[in-house]
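Asks: got a sequence here, can you model it:
(chains A, B, C and D)
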Number of protein chains: 2
Amino acid sequence: MQSSQNDADAVSPAQAEPIDDLPTSDRPSAAMPAQSQPTHEQPADTAPADPNHVVTLADVARATGFSQMTVSNALRDRPKVSEANRRKIKEIAQRMGYQANAAATMLRNRRSGIIQIVIDDFEVPFHASLAKYLAQEATARGYQVAVRQSERSGSAEMRVLKTERGLIYDGVILDAPNITEAQVLAHAHGRPAFVIGDCADFSAVDSMDTACAPGAAAAAEHLWERGCREFYVLGAPEHWPADAATTNATNTTNHMDFGPRRFAAIVDALARHGACIDDDHRIPCDWTLEGGHDAATRLATRLRATHTINAADGMATADDSNSIRHSNTGSESAAVWATDVPVGVLCLTDTVALGALRAFAEHGVRVPDDVRVIGFDGLAIDAYAVPSLSTVAMDVPAMAATVVARLVAAIETQPASAPPAGAMHETIPYRLVARESSR
Amino acid sequence: MQSSQNDADAVSPAQAEPIDDLPTSDRPSAAMPAQSQPTHEQPADTAPADPNHVVTLADVARATGFSQMTVSNALRDRPKVSEANRRKIKEIAQRMGYQANAAATMLRNRRSGIIQIVIDDFEVPFHASLAKYLAQEATARGYQVAVRQSERSGSAEMRVLKTERGLIYDGVILDAPNITEAQVLAHAHGRPAFVIGDCADFSAVDSMDTACAPGAAAAAEHLWERGCREFYVLGAPEHWPADAATTNATNTTNHMDFGPRRFAAIVDALARHGACIDDDHRIPCDWTLEGGHDAATRLATRLRATHTINAADGMATADDSNSIRHSNTGSESAAVWATDVPVGVLCLTDTVALGALRAFAEHGVRVPDDVRVIGFDGLAIDAYAVPSLSTVAMDVPAMAATVVARLVAAIETQPASAPPAGAMHETIPYRLVARESSR
DNA sequence: ATGAAAGCGCTAACAA
DNA sequence: TTGTTAGCGCTTTCAT
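Replies: Just a heads-up that it's a prediction; the model follows:
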């Protein structure tokens, strides 16, 4: 992919930071007694020459006696400078603490070497994980990454991703469900963009989908195989079937984002077995721990009624300062369904599932004896939950690698007027991981 | 704080994006039948006028018949343009899809309105949470945020934060323990910087500390009050006392980062009660789920021997595909220490604690009956763990607010040659949250 | 191998 | 109220 690596006109971001490899300015040489650290740049009370003046290329040129161009070439390891001078120049520039002004460089090169990543919320583990691997991939390819939260303006309505002074970035990766193609284009503003989310209907923007349908179907199959014959879906869409027009125009859920797709796949998969997810078995909730906890609490109450479970007292609630004692959950014979068949609980996201596990524990509903639970995402913490959480795990690193590869390719082809050729939509691999919560 | 809001020379980033508030270009008006979406910018086969040419201020000037300056002033809502013309210009600019070239703007203004945040790892919940609130705070103050992973080069040695083409940012927030002041200065490169971490010895860089010492002491006190008389510390420093010089020069732990500080405070607090944390009770491990799990597994084994615990079979390991059945953990009388006194387990981070809870469950060690566990950080998931996790919770939003306030102040004073006045070091509030794991 | 000139797109300062 | 000039710091021609 590094085809235009030659000294042609293309500015490869990889070779744009040669001086950064040198030790930092206040570390005179390599080895030195680590004891005394006279590190301060300016002793805080004297104003040596110029208070806060940043050294520019011109300064270095003046100091070395060379022209700006020679200095520039030397610093960037261009072949047309004599070895001796190159070394000398680098030396001096380094000592002066010179660092290229990125704004100027970008203005000239029309390239920043920075990819922007927009995610909905740093705190949502799945997105955080994705950001991590995207960043690593980008770094490996010589790009830097700037991650930003989408800051969808609070309430459901004004959910437009505020476009900003972001024209600095060479490309954009939007990890945000609930986004329209128009919004993406507005944000990208001509630069290559890539969306992570369900965008099968996008015609001009490449995207990658999280295997919602097959993954969710696999989860349903799994619980079926594990003997469940009655199923609940936690975190399901508020309205179903998705009567897009009927509901509020500024709805929380977009036309076809993760939730509906996963839910639809589950319904289909179970229907094939003759099982039905009616409105009573579709439990909407926020895709948060709290959401999952609340939903499962409601479910536990209902199950207790329906299934005449003679549960022991559970734990107290998850709220900060209330709960007191460990539960008697385990006391063998206490909590068993009237029927011997465990209930299947499909959570559309691991976060919901983790909240649900807690609620079940509080209410004396045993997992997996009474209910079998499976989530969706594959968070690291799943394996450490008690009981450990079965899940449809996404291969996030693979996902990240593909996305960055695509985007970088687009960035580096862009000037050559590549044929748009219609949008590409890929699906990332998933893996069903069966753990204690479903067996 | 918006003092220089006037039309003075200062470029307030808040007022630098007026055109962004308008609807996006390909959304002609507000309402429109949501059915047909002819959204495509270029039908993918025609090359209208100029393939990928971004409209510049000059283009708009030409199109409107005004000078660049008038257009510029109009677009930025400067007072010296007639209302009529302003509207007209904005209109046209908007329709042309004009968006200011950020690189040029930055080059001119010497201001980007972007704050850089560097964190160690997006996937570590505490840091992710911090990033989230920092971003929100910055946004509220009219700045944007670009978050980046520090990418410390893998192994212990070359742990220098790679300095990069980052001179675009107005200020830097480094959320990274294990950093030297020299590294910070090298990265900041003249711009205001703020470090989150333990930097009491920094002389030129402001910093904020996470109340390591008092928080850890409070945790110890809490477990003491809860009746514990024997204590283990999970995630403790590898070497203690911190014989800095003796150990490998390029050690994993820096002189005095979170770990040692928290550990020292615990030792002190317990010493006041006459309890002692010797080498046997100091259990080092990675600050990860796995680390906590492994450490607690070792501890469980040891306790079983020491305390002649007649434990029932626990669950299987946390590893993906092994464990099979729910444990008999709860069966009332099975697992009780020979002595009636519960063991205190202090985890230096919640992540470690969560891993430990899992390990204890696997090994039939009952929490809080046999051991009482407390963590450090205050992650959202703590309340949903089974059992819910006691912790020393940091007030992350407060932390973020203070940090951003400080940094923004520094940014907006910078040119006025503010007196460095020595570095400031603050400590953020903490709160001890007692949950099931310790009572 | 080195240097001089020009300009990337924008805006502060000064005319008009 | 509007336009003209100059220059932020860098790098790509095009001389030398």
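
Asks: which residue ranges form the helices in the stretch 251-400 of chain A?
Replies: With helices called from DSSP state H, counting those that start in this stretch, the stretch 251-400 of chain A shows them at A:258-271, A:289-306, A:350-362, A:396-413.

Asks: and those helices, which is most packed in?
Replies: Highest mean neighbour count among the helices of the stretch 251-400 of chain A (mean count of other Cβ atoms under 10 Å in any protein chain shown): helix A:350-362, with a mean of 28. Just so you know, the C-beta spots here come from the backbone N, C-alpha and C atoms, and that holds for glycine as well.

Asks: give the helix, strand or coil label for A:G190.
Replies: At A:G190 the chain is in coil, as set by DSSP: H, G, I helix; E, B strand; the rest coil.

Asks: try A:A217
Replies: Here A:A217 is recorded as helix under three-state DSSP.

Asks: for chain A, which residues are neighbours of DNA strand C?
Replies: For chain A, the contact set with DNA strand C under Cβ under 7 Å from any atom of the strand comprises A:65-70, A:73, A:79-82, A:85, A:104, A:107-108.

Asks: now the helices of the stretch 251-400 of chain A in JSON lines, with distance to B:H189?
Replies: Converted to JSON lines, these look like this (distance: least, Cβ to Cβ, whole Å):
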{"stretch": "helix A:258-271", "distance to B:H189": "41"}
{"stretch": "helix A:289-306", "distance to B:H189": "40"}
{"stretch": "helix A:350-362", "distance to B:H189": "39"}
{"stretch": "helix A:396-413", "distance to B:H189": "26"}
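
Asks: from the contact counts, what lies against the helix or strand of chain A with the lowest mean pLDDT?
Replies: When the helices and strands of chain A are compared on mean pLDDT, DSSP states H and E, helix A:181-188 comes out lowest with a mean of 80. Here helix A:181-188 touches strand A:171-175, strand A:193-196, going by 3 or more Cβ pairs under 8 Å, 6 or more residues apart in numbering or on different chains; DSSP states H and E.

Asks: that one: how far from the chain's middle?
Replies: Offset of helix A:181-188 from its chain centre (Cα atoms, centre = their mean, to the nearest Å): 19 Å.

Asks: list the contacts of the residue of chain A found nearest DNA strand D.
Replies: Nearest residue of chain A to DNA strand D: A:L57, at 2.8 Å (Cβ to the nearest atom of the strand). With contact set as Cβ atoms under 8 Å, 6 or more residues apart in numbering or on different chains, A:L57 has these partners: A:Q68, A:V71, A:S72, A:Y98, A:A100.

Asks: closest to DNA strand C out of these?
Replies: Among the contacts of A:L57, A:Q68 lies closest to DNA strand C (Cβ to the nearest atom of the strand), at 6.4 Å.

Asks: list the contacts for the closest residue to that closest one other than its chain neighbours?
Replies: Nearest non-adjacent residue to A:Q68, counting by Cβ to Cβ, 6 or more residues apart in numbering or on different chains: A:A61, 4.5 Å away. The contact partners of A:A61, by Cβ under 8 Å, 6+ apart, come to A:S67, A:Q68, A:T70, A:V71.

Asks: of these, select the buried ones using a ChimeraX command.
Replies: In ChimeraX syntax, the buried subset of these is picked out as below (16 or more other Cβ atoms under 10 Å in any protein chain shown):
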select /A:70,71
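
Asks: pLDDT score assigned to the most centrally placed residue in chain A?
Replies: For chain A, A:H127 is the residue whose C-alpha lies nearest the centre (Cα atoms, centre = their mean; 2.6 Å). With respect to pLDDT, A:H127 scores 93.

Asks: that one: what secondary structure?
Replies: helix.

Asks: and stretch A:212-224, anywhere near chain B?
Replies: No - applying Cβ under 8 Å from any Cβ of the partner chain, one finds stretch A:212-224 separated from chain B by no less than 13.5 Å.

Asks: what's in contact with that stretch?
Replies: Here stretch A:212-224 makes contact (Cβ under 8 Å, 6+ apart) with A:198, A:231, A:258, A:261-266, A:268-270, A:273, A:275, A:344, A:346, A:348, A:372, A:374, A:376, A:390, A:392, A:394, A:427, A:430, A:432, A:434, A:438.

Asks: I'd assumed A:A200 was in contact with A:D257.
Replies: No - if you go by Cβ atoms under 8 Å, A:D257 and A:A200 don't touch, sitting 11.0 Å apart.

Asks: as CSV, the helices of the stretch 251-400 of chain A with mean pLDDT would be great.
Replies: Shown next, in CSV, are the helices of the stretch 251-400 of chain A (pLDDT from 0 to 100):
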stretch, mean pLDDT
helix A:258-271, 92
helix A:289-306, 93
helix A:350-362, 98
helix A:396-413, 92
